[in-house]
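Undergrad: curious how this folds, go ahead:
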Amino acid sequence: MRFAILGIILAVIVSGCTDTTNASTGTGGSVVIKSFSADETNILGNDKVTLTAEIENTGDSRATAITLQLLELDVKCTGAAVTGCGDSTPTQWGIISGDVSKQIKSGLRISTPGEQTVPIQNTWRVQAPKIPANIVQTYDAKTRVSYTYSTSALKQITVITYDEYQRAKAKGETFPVTTTKSSNGPLGIDVKVNEPVKIEGGTTSFILTIIVNNLANGFTFTAGTDANLLANRDWINVNITLPSGLTMLDTGDCTTITRPGGLDAQLTSKGKAFTLSCEVSATAPAVSTARTVIVGTQYGYFTDSAKVSITVTGKTSYIVVPPGQTPPAGGVPVTPTPGGVLADVTPPSPVKDIATTNPVKETNAQGLATGKWLTTLTFTQPDDNVAVTAFEIVVAKKDAPGFQTPTADNWAAFAKYATPPTPQSTGKQIAVSNVVLDGNTPYIFCVRAKDAAGGLSSLANACIERVTTQAG
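TA: From the prediction side, this is the model:
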């Protein structure tokens, strides 16, 4: 992949130095998670919590493809919040609002020098699992920010003829050398060379060393691969531009790093450092000159926040009580939300009259048998003290490995029919057409009614076993 050399062109500062250590310049500025918090950390089951993350770009470059992820919590939905995502389960958190993984904006730029930067906030509204009464469970949540960034650096190299060097040395003159100047980002870049470069004759060669250090608290990854950033962790792309008068002599990585596509390099030492030393040829100036080497890097970068712990205590019943109302006996009051439903601790009555029609062969558009069978499931809608709002239907193969008869205790483990019918009125016969079955397979059908408070009807007389269908 081809990357352009990005970053800010920096002013060159001249100072005397012949240091050959591996300390890259830069201060590690990056897109940082300034804070990550929950508005409540000790709640009851099915309560709602708002998680807030605040991020800010403290570096010099423009950050792009900024994505915030909510981690650790086992959530019911992982994409954009849609109908049903906010309904938590006994084991999973629900998402009321906010995407689990969300690209914040196309770019986040640091303010003009001297101006105040403006942090960006993102929130998630989540609903705790409906854990059983008297159970206390602590959950950890954290957030991850990932983005694409660049760091650039300039190194000015003094090149001098050998005769001029000897003349200046005899007079006690010193030779200015420069410190690499790197833009402020999570990576720091240093370029090392034994200066000044002295040339006797027309050309000479010297060793140029490029050092990249990870100065911030996160990790690099191959830019553009944030869907799988952990598998591409610790990789960067590096490119060097040599000025007129300097030519790369080495082959391999040293040649690749000077090409337009640059070099894909891995930070070693636990994702902290990359070093490459190359032999470079220099042509002699008339007397002395300064030649500028430009190093550019482009990479993805991600950082995780500290964890926020949320303690959830199970309740005897899961209800919402509007302001000014008293919960019924056995109910646990919960802070209401706008539009909360009436307190309801009575589940619907059991579903009645469950039955199936004789299966018929399924055919395709050409009228040919597919090997599957179709049946219609019917039952009578039960009553509820408030209203039946949904049905949960299980169609399970009795010969499946590890099969267990559906009960109230294992109900959550069964896959539910994907398109349940819409509730009608009490006593109405409900039909579910074209339920697809495998041939020569025994089935059990179970139906439970559900109310707005999440109460489910019992399974008493609400299951039927279908005689084994014929082979397809």
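Undergrad: in the longest helix belonging to the chain, what counts as buried?
TA: Scanning the chain for the longest helix, with DSSP state H as the assignment, gives helix 162-170. For helix 162-170, burial by neighbour count (16 or more other C-beta atoms under 10 Å) applies to 164, 165, 168. (Glycine included, C-beta is placed from N, CA and C.)
Undergrad: now stretch 423-439
TA: 423, 430, 432, 435, 437, 439.
Undergrad: how about those in a markdown table, adding secondary structure, distance to residue 385 and pLDDT?
TA: Formatted as a markdown table, the buried residues of stretch 423-439 follow (DSSP: H, G, I helix; E, B strand; the rest coil; distance: C-beta to C-beta, whole Å; pLDDT from 0 to 100):
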| residue | secondary structure | distance to residue 385 | pLDDT |
| --- | --- | --- | --- |
| 423 | coil | 15 | 91 |
| 430 | strand | 20 | 94 |
| 432 | strand | 25 | 94 |
| 435 | strand | 30 | 93 |
| 437 | strand | 35 | 91 |
| 439 | coil | 43 | 87 |
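Undergrad: pick out the most distant pair among those residues.
TA: Distances among those were taken as C-beta to C-beta; the most separated pair is 423 and 439, at 32.1 Å.
Undergrad: circling back to that earlier point, packing partners of the longest helix of the chain?
TA: Using 3 or more C-beta pairs under 8 Å, 6 or more residues apart in numbering; DSSP states H and E, the elements in contact with helix 162-170 are strand 197-199.
Undergrad: re the thing from before, what about the longest helix of the chain, average pLDDT?
TA: Averaging pLDDT along helix 162-170 gives 92.
Undergrad: what pairs with the helix or strand just after it, and is each one parallel or antiparallel?
TA: Next along the chain after helix 162-170, taking DSSP states H and E as the criterion, comes strand 181-182. Here strand 181-182 is paired, per DSSP bridges, with strand 136-161 (antiparallel).
Undergrad: angle of the partner strand against helix 162-170?
TA: If you take axes from the mean of the first three to the mean of the last three C-alpha atoms, to 10 degrees, strand 136-161 sits at 100 degrees to helix 162-170.
Undergrad: for strand 136-161, list every residue counted as buried.
TA: Within strand 136-161, the residues that qualify as buried are 139, 141-161, counting by 16+ other C-beta under 10 Å.
Undergrad: hmm, back to that, tabulate the buried residues of stretch 423-439 (CSV), appending distance to residue 415.
TA: Converted to CSV, the buried residues of stretch 423-439 look like this (distance: C-beta to C-beta, whole Å):
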residue, distance to residue 415
423, 21
430, 20
432, 15
435, 13
437, 15
439, 20
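Undergrad: any idea how far apart the tips of stretch 257-266 sit?
TA: Taking C-alpha to C-alpha, to the nearest Å, stretch 257-266 runs 13 Å from one end to the other.
Undergrad: oh, that last question was meant for stretch 432-450, not what I typed.
TA: Across stretch 432-450, first to last residue, C-alpha to C-alpha, it's 17 Å.
Undergrad: what's across from residue 432 in the sheet?
TA: residue 377.
Undergrad: cool, and residue 220?
TA: Per DSSP bridges, the residues bridged to residue 220 are residue 301.
Undergrad: from residue 182, how far off is it?
TA: Residue 220 sits 15 Å away from residue 182, taking C-beta to C-beta, to the nearest Å as the criterion.
Undergrad: and what of residue 90?
TA: Distance of residue 90 to residue 182, given as C-beta to C-beta: 52 Å.
Undergrad: same thing with residue 153?
TA: Counting by C-beta to C-beta, the gap from residue 153 to residue 182 is 4 Å.
Undergrad: what does stretch 282-291 rub up against?
TA: For stretch 282-291, contacts defined as C-beta atoms under 8 Å, 6 or more residues apart in numbering pick out 12, 156-161, 164, 178, 196-197, 199, 201-206, 243-246.
Undergrad: okay, domains of this protein per the record?
TA: 31-147+305-313, 150-219+226-302, 352-466 (automatic domain parsing).
Undergrad: check which helix or strand covers the residue positioned nearest the centre of the chain.
TA: Relative to the mean C-alpha position of the chain, the nearest C-alpha, by C-alpha atoms, centre = their mean, is the one of residue 69, at 3.8 Å. Assigned by DSSP H and E, residue 69 falls within strand 63-71.
Undergrad: then residue 309?
TA: strand 308-313.
Undergrad: same for that strand, what does it pack against?
TA: Strand 308-313 packs on strand 31-38, strand 42-44, strand 136-161, going by 3+ C-beta pairs under 8 Å, 6+ apart.
Undergrad: the helix or strand following that strand: which residues count as buried?
TA: Remark: after strand 308-313, the chain's next helix or strand is strand 352-356, criterion DSSP H and E. Burial within strand 352-356, assessed by neighbour count using 16+ other C-beta under 10 Å, is assigned to 352, 354, 356.
Undergrad: and stretch 374-394, by the same measure?
TA: For stretch 374-394, a neighbour-count test (16+ other C-beta under 10 Å) marks 374-375, 377-379, 381-382, 384, 388-394 as buried.
Undergrad: check stretch 446-466 too.
TA: Buried residues in stretch 446-466 (16+ other C-beta under 10 Å): 446-457, 459, 462-464, 466.
Undergrad: off-centre distance for whichever helix or strand residue 448 is part of?
TA: Assessed by DSSP H and E, residue 448 sits inside strand 443-451. Relative to its parent chain, strand 443-451 has a centroid offset of 36 Å by C-alpha atoms, centre = their mean, to the nearest Å.
Undergrad: now that strand and strand 352-356, what's the angle there?
TA: Here the directions of strand 443-451 and strand 352-356 differ by 140 degrees (the same axes, to 10 degrees).
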